[in-house]
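Visitor: Below: sequence and its predicted model.
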Amino acid sequence: MSYSTSKNRKAEGCDTLNEFCEELEKRSAGGCELKVWPGAYHELFNEMEREKILEYAMEFVEEHI
């Protein structure tokens, strides 16, 4: 299943990004978290705030392994 934030495409049965995350949480072993980076695009590790993003990602991984 995939989710697109474009207005004309969405995951089956999910009307919002929050619903998609909730569905993914149900299907996963836990460890699904929605984090929105305002102003960021699709290449988060190449964004201006990449240090914050990498730090957040590392903390998430460390908490879930």
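Guide: It's in.
Visitor: quick one: which helix or strand includes E63?
Guide: According to DSSP states H and E, E63 maps onto helix 50-64.
Visitor: Just the CA trace of that helix, in PDB.
Guide: What follows is helix 50-64, C-alpha atoms only, in PDB (Å, rounded to 0.1, in the frame of the first residue of the first chain):
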ATOM      1  CA  ARG A  50      19.200  17.500   7.500                       C
ATOM      2  CA  GLU A  51      21.000  17.400  10.800                       C
ATOM      3  CA  LYS A  52      17.800  17.600  12.800                       C
ATOM      4  CA  ILE A  53      16.200  15.000  10.500                       C
ATOM      5  CA  LEU A  54      19.100  12.600  10.800                       C
ATOM      6  CA  GLU A  55      19.100  13.000  14.600                       C
ATOM      7  CA  TYR A  56      15.400  12.300  14.700                       C
ATOM      8  CA  ALA A  57      15.800   9.200  12.400                       C
ATOM      9  CA  MET A  58      18.600   7.800  14.500                       C
ATOM     10  CA  GLU A  59      16.700   8.300  17.800                       C
ATOM     11  CA  PHE A  60      13.700   6.600  16.200                       C
ATOM     12  CA  VAL A  61      15.800   3.600  15.100                       C
ATOM     13  CA  GLU A  62      17.500   3.300  18.500                       C
ATOM     14  CA  GLU A  63      14.100   3.300  20.200                       C
ATOM     15  CA  HIS A  64      12.800   0.500  18.000                       C
END
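Visitor: Off-centre distance for that helix?
Guide: Centroid separation for helix 50-64 versus its chain: 13 Å, with CA atoms, centre = their mean, to the nearest Å.
Visitor: Identify each buried residue in stretch 28-45, please.
Guide: Neighbour counts using 16 or more other CB atoms under 10 Å place L44 of stretch 28-45 among the buried residues. Glycine gets a C-beta too; all of them are placed from N, C-alpha and C.
Visitor: Give me the residues contacting that stretch.
Guide: 17-18, 21, 24-25, 47, 49-50, 53-54, 56, 60, 64 (CB atoms under 8 Å, 6 or more residues apart in numbering).
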